[in-house]
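Peer 1: sequence and computational prediction follow.
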Amino acid sequence: MSRTSRDPIGADVTKRPVLASYDDYLDAQKAVDTLSDKGFPVQNVAIVGVDVRIVEAVLGRMSWGKAATSGLFSGAWFGGLIGLFIALFGTANGEVLPLFGLGVLYGAAAGIVFGMVSYAFTGGKRDFVSRQQLQAQRYDVLCEQAVLGEARKVLGLGVTWPPPLPADQPADQPAASDEQA
């Protein structure tokens, strides 16, 4: 399957000019939602996290008991789901509760075993529980050059186009972005 230059997945959306920058992802998402609500073609927009880092919060120490308990709950949930599907779609008499209960029971037992075996294979390394999260310093909303002015109007950012030249660049010298075009 070939990708065209208009395909947002194949195109490098990070080359688009910055429409606005936000400290919080929800604010960037709200700006794109505003554009969408006003009928703007949002396929021309991208949200890019800048200066991304991974933050891992350590929640506690892993132990045999926690490994077994974690396996019990995940196994019971999965076993209950399988038991429910078998009861609903695999039996003609419609007895849901016994098959659901057996699914929870067998799933919990298998989950305990799986949790403890998994913990045993760690060999004492990384014997703590944590949660990872991606965070960015800021979130830039990028927009295709052709519709940037319209997007600025919709968001009420004012239309200052073309952008002012940097202070160290004389007015008669073309901007670096003009040379690349």
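Peer 2: Thanks, I have it.
Peer 1: only C-alpha atoms for contact and neighbour calcs from this point on.
Peer 2: Fine.
Peer 1: any regions of this structure where pLDDT drops low?
Peer 2: 1-10, 159-181 (pLDDT under 70).
Peer 1: now residue 158, what's its secondary structure?
Peer 2: The three-state assignment at residue 158 reads coil, by DSSP: H, G, I helix; E, B strand; the rest coil.
Peer 1: mind checking how far it is from residue 101?
Peer 2: Distance from residue 158 to residue 101, counting by Cα to Cα, to the nearest Å: 62 Å.
Peer 1: quick one: contacts of stretch 54-69?
Peer 2: Applying Cα atoms under 8 Å, 6 or more residues apart in numbering, the contact partners of stretch 54-69 are 111-113, 115-116, 119, 127-135.
Peer 1: ok, of those residues, which come out buried?
Peer 2: Neighbour counting over those (16 or more other Cα atoms under 10 Å) leaves 111-113, 115-116, 119, 135 as the buried ones.
Peer 1: show me the domain layout of the protein.
Peer 2: 10-55+136-159, 63-126 (automatic domain parsing).
Peer 1: pull up the distance across the shortest one, start to finish.
Peer 2: Okay, so that is domain 63-126. For domain 63-126, the first-to-last residue distance is 11 Å (Cα to Cα).
Peer 1: do stretch 17-25 as well
Peer 2: The straight-line separation of the ends of stretch 17-25 (Cα to Cα) is 18 Å.
Peer 1: next one: stretch 81-98
Peer 2: 13 Å.
Peer 1: and it, which residues are buried?
Peer 2: If you call a residue buried by 16+ other Cα under 10 Å, then stretch 81-98 has these buried ones: 81-85, 87-88, 96.
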